[in-house]
Every structure is written in C-alpha cells, then in structure tokens.
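Novice: generate a structure from the sequence data that follows.
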Amino acid sequence: MNAIGVENLNVWFGKGRDRNQAVSDVSFAVRTGESFGLVGESGSGKSTILRAITGLVPSWSGRMEIAGIALGKARSRQFYKTVQMVFQDPYASLHPRHSVDQVLGEALKLHGFRDVDQRIERLLKDVGLGPAFRFRYPHQLSGGQRQRVAIARALAPEPDILLLDEPTSALDVSVQAEILNLLTDLRAENGLTYVMVSHDLAVIGHMCERLAVMQAGRIVEEMTVEDMRALRSTEPYTKQLLESSLGYTRET
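Specialist: Coordinates of the predicted model:
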C-alpha cells in the first residue's frame, strides 16, 4: 500500500490578477516505509507540497491521500498522529520561551499521552540528547541540538510518516551528517515513511530511494537514486541539474 498518494495537485496563493500558481498538476506516490525525495531549485514548489499535505496551505485542488484515505480541507487529530513535519529552521519552529520539557510535554499531552515524564526521557534518548537537556531553552542549544528537539517533538505522537523540509540546510556542515544519520536510524528503528525536500542532491542520495525533480511548480521527472548517480535522465533540465549539483558530467 502507498503511504502517500498525490494526484493532479494544484496549489496557488492570492486571487484574481494577484494569483500565483505555486504547484501545477503534480502527481506522485510514496510506498509505505520508503524515503522519497523532492528536489529542484528554490521556488520550484517543493516545500509548498509538504505544506499542502499538512494543511498549512488552504488553496489547493486535486487529490491527496494518506494510507488510502482522502484528505479534505481540514486535518483531524488522527492525521497529526500519523503525519508530522520537521521544518527547515529549528530555532524558528521552537517557542523561544518554552523549555525542551514544555515543548515535548505539550506535544505529548495534545495527543492524549499520560506517561509524559517517561516519554520525554525516551524521546530525548532516541534523538541523542541526555536528561541534562530537558530543562534548557532553545537559546541554550546549538543548531543541531535544536533540530534534535524538533525531531523529538515530531516523533512524540508516534507517527508513521515524517515530512522533512530541508531539515539540515540551516545547520553547520559538520552537524548535517549527524542529523541525517539520526534520521536514517530513526526510520529503520520505527519503520517510518519519509518525504524529504532538499536542494542538495547529495543529501537526497544519502537518504532516499527515489526522487522527483521539480521545475517551476511541476514534476519534470521521477527517477531512482541509482539513476540519479549515473546521470540516467530523460529530461534536459534534470541532466543539467544533476551535473551542476553533483559536480561532474557523465562520460559519453
């Protein structure tokens, strides 16, 4: 079964003459347990798709499904127990006046868990943070530590699907690999399904099995990571993107 199905998705902002078409007629499916990448230049519509799935963008048409169940305009509590999102900037996504304990405790209580103390300790352990971090505030954490807290918050409701919006692009290069390896381990341990947005093809190559290449709000090509590495592309735009991003051209 597919964990995520998207068919003929259109997303726009504004009305009338001010309408801006951000995503046009996009379709793709993500299998349960798969890690699927969305790549493309800035402004190509990648992050907008994730926001549409999570209900953060109200103006859309088409069909979106989670585990075969069609999504409407509103999202239920059950949806957010199934699907969680990790945002690009961990500092902006965490409340500056809430401690790690408050951030995780509120997420757990919102989803009806009662054994909050034990779950907070386990979440911190799962993301590689010890109990010493529990009562710290975001400004007392490094960028990588903040992103680990954001990942722990996303894991709090025990979701099946994580939507990852450039989760390492705001971090130092030395920390990026640590977070990517953490996400890889968490997926294996919990049987998670990932959709990862990134402009960095090396990140997608490390994290995903398949990817879709986007340009100007449309998917121009789907391919496996093996095809990406071998520059086996049928679209000129994709080949240009791969060559410029991966830093080499295929010998002919």
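
Novice: give me the element the spatially most central residue of the chain is part of.
Specialist: When the chain is reduced to its mean C-alpha position, the closest residue under C-alpha atoms, centre = their mean turns out to be residue 164, at 1.4 Å. In this assignment (DSSP states H and E), residue 164 forms part of strand 161-165.

Novice: list the helices and strands that strand packs on?
Specialist: Applying 3 or more C-beta pairs under 8 Å, 6 or more residues apart in numbering; DSSP states H and E, one finds that strand 161-165 contacts helix 46-53, strand 83-86, helix 173-190, strand 193-198. Every residue, glycine included, has its C-beta placed from N, CA and C.

Novice: let's see it at 7 Å
Specialist: Packed against strand 161-165, as judged by 3 or more C-beta pairs under 7 Å, 6 or more residues apart in numbering; DSSP states H and E, are the following elements: helix 46-53, strand 83-86, strand 193-198.

Novice: comparing these, which comes out most buried?
Specialist: strand 193-198 (a mean of 25; mean count of other C-beta atoms under 10 Å).

Novice: residues in contact with the host helix or strand of residue 211: which ones?
Specialist: Of the helices and strands defined by DSSP H and E, residue 211 is found in strand 210-215. Outside of strand 210-215, the residues that reach it under the criterion C-beta atoms under 7 Å, 6 or more residues apart in numbering are 28, 34, 36-40, 44-46, 204, 219-225, 228, 237-238, 241.

Novice: and that strand, what's buried?
Specialist: Neighbour counts using 16 or more other C-beta atoms under 10 Å place 210, 211, 212, 213, 214, 215 of strand 210-215 among the buried residues.

Novice: after it, next one along is what?
Specialist: According to DSSP H and E, the helix or strand after strand 210-215 is strand 218-224.

Novice: buried sites along that following strand?
Specialist: Of all the residues in strand 218-224, those buried under the rule 16+ other C-beta under 10 Å are 218, 219, 220, 221, 223.
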